[in-house]
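In: one predicted model, sequence on top.
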Amino acid sequence: MNAPVPNIFADAVDARSLPDWLGQRRADAVATLRARGVPHRRIEEWKYTDLKTALEPANDAIAATAAWSIDKVPKGVTLFDLADLSTAPEWVQKHFGRAAAAESMPAASLALARGGFALHVARNTFISDAVQASFSSGGHVRALIVLEDGAELTLIENQSAEGAFRNTGIEIVVGAKARLTHVRFAQAAAKAVQIEDVAVRVARGGLYRAHLFNAGAELSRLTLRITLKDLGANAELSGVSVLGGQLHADVTTHVYHAAGETQSVQLFKHVAGGKSRAVYQGKITVAKGADKSDSRQTAKALLLGERAEADLKPELEIFADDVKCAHGAAVGDLETDSLFYLRARGIPEQEARNMLLRAFLREAVDGIENEVIRDTIWQSVEDALPRAMVSAL
Amino acid sequence: MLDIKNLHVAVGGKEILKGLTLSIAAGEVHAIMGPNGSGKSTLAYLLAGRAGYEITQGSVTYCGEDLNTLAPEERAAKGLFLAMQYPVEIPGVTTLTFLKTALNAQYRARGEKELDAMSVLKLVRKKAEALKVSEEMLKRALNVGFSGGEKKRLEILQMALFEPKLAVLDETDSGLDIDALKLVAEGVNALRAPARAMLVITHYQRLLNFIVPDRIHVLAHGKIVAEGGKELAHELEAKGYEHIAGKAA
């Protein structure tokens, strides 16, 4: 039954001429690929997202490079096209590809992508206009975002539904007291396999903030690997997934509190209708000596149909003594008490259900500081809800 | 207005009400008193239409209609209101939005004109003042972080807004201190009207010092075991439920 599946990514690796600074990093990535192959459900972290099976149909995007575009580069932001690495500036050479070899999929995007973009914001520079970046078509693609100390940027990432398979690898470097707000929209992509790995390093007093909206794909996996590497580094993550049909969305986070007085907050809300499947895996590691760290993690899922599924897996790994960690996860149906209360006040059943459903999701959206971002994410929720509320055929 | 005849109700297969008969006419205020487990809340939930309460025998007629055939929202639109013992907290829905949605849903069901946001706000403000429901409370998520007294005041505010024909108050006095109790009772008394009937359900005689009923029914073991005027409350207070229930048995 388990016929050997070829190690498709490792097999696609070509010989190419690369600048010296990148040679070893790519070689490490290729070694990871050869050793680990394509993730599949017998690997614990990929238990709910069987990439190997999803990729079995012949796929010509296995070695391709996906397309990207950036609407407008605001003043103060430097854009570098990763297609030609021979002219890479110092900040690209310093950071690009460093966090790729730890896992198969970022290793694959580093080894195979022939393009992508890198953005740089200089020290103490505040960028008021958001950078809007889109990924489309099939294949691998890389991005690098570097915020020097004290810099501030908002990145709005859009993952389009095009392409049968896309593997995005993003590295984010947040300098001391720098702040990055990362907004991500994943459009419903019923016929696409979409994998994304975001590796973030936050320096002393810096903040990485993510607001995620996920409408799911045939198979969709977002991995956020966040290292709070110095004193007082922060991460704030909020996300909503609204799934219908047979869509799948897996959000997996690993927040690593490497230093003391670091803080992380996560709030994820998933709604799954039809025969869809929502996955949240959240691992928090507090390293030895990372005292006075504080991590809070909440993930909730609401199932709208008997055939929908949600898997929530919070995980704590604590090696320090003096820490605060709180986590909670719950999968449920709409509260019968709440539903009865609203109906007893004259609100028809369907309308009451709609109110409660929106109220459930609101919690993960209302906390977004920026009004425009908040409204845009809420609009995406509204657009995705009708599909989630249709029962499966 | 409300006619309950030989009502038997089972919850989860267990019979809780065992032949209750009760009749309330427009303009009257009746009280049901009874100890814990007598079936008081079962009656309240059954009247409001909560799922899981099965009529095994007898009937409930409200304004000439068989109540059992109506969904909870239909009952509300037809003027039946239940002030709940434990109002539900709903994060993510602001109190004012909830009031507007509920009010307009009832208007819509009755074919009346719906109100715009501004008119609702004006109406709510007018009624909220007497009950000391603050503007700040209206902006908060429904019942979230409200004290016991605030929750009960909000129930009475809803009653004032919806102007029901029949209001059922389930243990509206529970968890209230004397000042909060007076405030809530004043709110209820202000709504007494010739066209409106009320059914006040309580464990204690205390509430009935402030909301004086026309008629008192004592419920024990799923049946009315004694009936009388307002003086019955004092007898209960002096002699206890066991005495009255025992005398009936």
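Out: Done, it's in.
In: going forward, measure contacts between C-alpha atoms and count neighbours the same way
Out: Noted.
In: give the pairing partners of the host helix or strand of residue A:171; include direction for each.
Out: Element membership of residue A:171 [criterion: DSSP states H and E] is strand A:165-174. Partner strands and pairing direction for strand A:165-174 (DSSP bridges) are strand A:139-147 (parallel), strand A:189-202 (parallel).
In: could you dump those strands into JSON lines with mean neighbour count and mean pLDDT added?
Out: Putting the strands paired with strand A:165-174 into JSON lines (neighbours: other CA atoms under 10 Å in any protein chain shown; pLDDT from 0 to 100) gives the following:
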{"stretch": "strand A:139-147", "mean neighbour count": "26", "mean pLDDT": "97"}
{"stretch": "strand A:189-202", "mean neighbour count": "23", "mean pLDDT": "96"}
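In: in CSV, list those along with distance to residue A:219.
Out: CSV is the format used below for these (distance: least, CA to CA, whole Å):
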stretch, distance to residue A:219
strand A:139-147, 15
strand A:189-202, 5
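In: quick revisit: which SSE is immediately downstream of the strand holding residue A:171?
Out: Note on strand A:165-174: by DSSP H and E, the next helix or strand toward the C-terminus is strand A:179-186.
In: model confidence for the residue nearest to residue A:122 when sequence neighbours are not counted, exactly?
Out: Leaving aside its chain neighbours, residue A:122 sits nearest to residue A:148 (5.4 Å; criterion: CA to CA, 6 or more residues apart in numbering or on different chains). We have a pLDDT of 98 for residue A:148.
In: ditto for residue A:332
Out: 79.
In: quick check: which element contains residue A:231?
Out: Using DSSP H and E, residue A:231 falls within no helix or strand.
In: pretty sure it contacts residue A:205?
Out: Yes. The pair residue A:231 / residue A:205 is scored as a contact, 6.5 Å apart, by CA atoms under 8 Å.
In: residue in the stretch 51-200 of chain A nearest to chain B?
Out: Nearest residue of the stretch 51-200 of chain A to chain B: residue A:183, at 21.9 Å (CA to the nearest CA).
In: ok, that residue touching residue A:153?
Out: No. With contact defined as CA under 8 Å, residue A:183 does not reach residue A:153; the gap is 11.0 Å.
In: could you say what helices and strands the worst-scoring helix or strand of chain A on mean pLDDT packs with?
Out: Within chain A, no helix or strand scores below strand A:323-332, which has a mean of 86 by mean pLDDT, DSSP states H and E. Counting by 3 or more CA pairs under 8 Å, 6 or more residues apart in numbering or on different chains; DSSP states H and E, the packing neighbours recorded for strand A:323-332 are strand A:293-303, strand A:309-318.
In: out of those strands, which is the most enclosed?
Out: The highest mean neighbour count among the helices and strands packed on strand A:323-332, using mean count of other CA atoms under 10 Å in any protein chain shown, belongs to strand A:293-303: a mean of 23.
In: partners of that one, with directions?
Out: Applying DSSP bridges, strand A:293-303 is found paired with strand A:263-272 (parallel), strand A:323-332 (parallel).
In: most packed of these?
Out: Each of those was scored by mean neighbour count; the highest is strand A:263-272, a mean of 25, by mean count of other CA under 10 Å.
In: nearest spatial neighbour of residue B:135, chain-adjacent residues omitted?
Out: Spatial nearest neighbour of residue B:135, chain neighbours left out: residue B:125 (7.7 Å); criterion: CA to CA, 6+ apart.
In: report pLDDT for that neighbour.
Out: Confidence at residue B:125, expressed as pLDDT, is 94.
In: what is the burial count for it?
Out: Neighbours of residue B:125 under the rule other CA atoms under 10 Å in any protein chain shown: 16.
In: over to the one 5 residues further on?
Out: Other residues near residue B:130 come to 15 when the count uses other CA under 10 Å.
In: do I have it right that it meets residue B:184?
Out: No. Applying CA under 8 Å as the test, residue B:130 and residue B:184 come out as separate, 9.8 Å apart.
In: which helix is the longest one in chain A?
Out: Criterion DSSP state H: the longest helix present in chain A is helix A:371-389.
In: for the residue nearest in space to the middle of chain A, helix, strand, or coil?
Out: Taking CA atoms, centre = their mean, the centroid of chain A lies closest to residue A:222, which sits 3.8 Å from it. For residue A:222, the secondary-structure state derived from DSSP: H, G, I helix; E, B strand; the rest coil is strand.
In: next one, pLDDT for it please.
Out: pLDDT recorded at residue A:222 is 98.
In: these two touch, right, it and residue A:193?
Out: No. Using CA under 8 Å, residue A:222 is not in contact with residue A:193; the gap is 11.3 Å.
In: thinking again about what came up before, how about the helices and strands packed on strand A:323-332, which one is nearest residue B:44?
Out: strand A:293-303 (29.7 Å; CA to CA).
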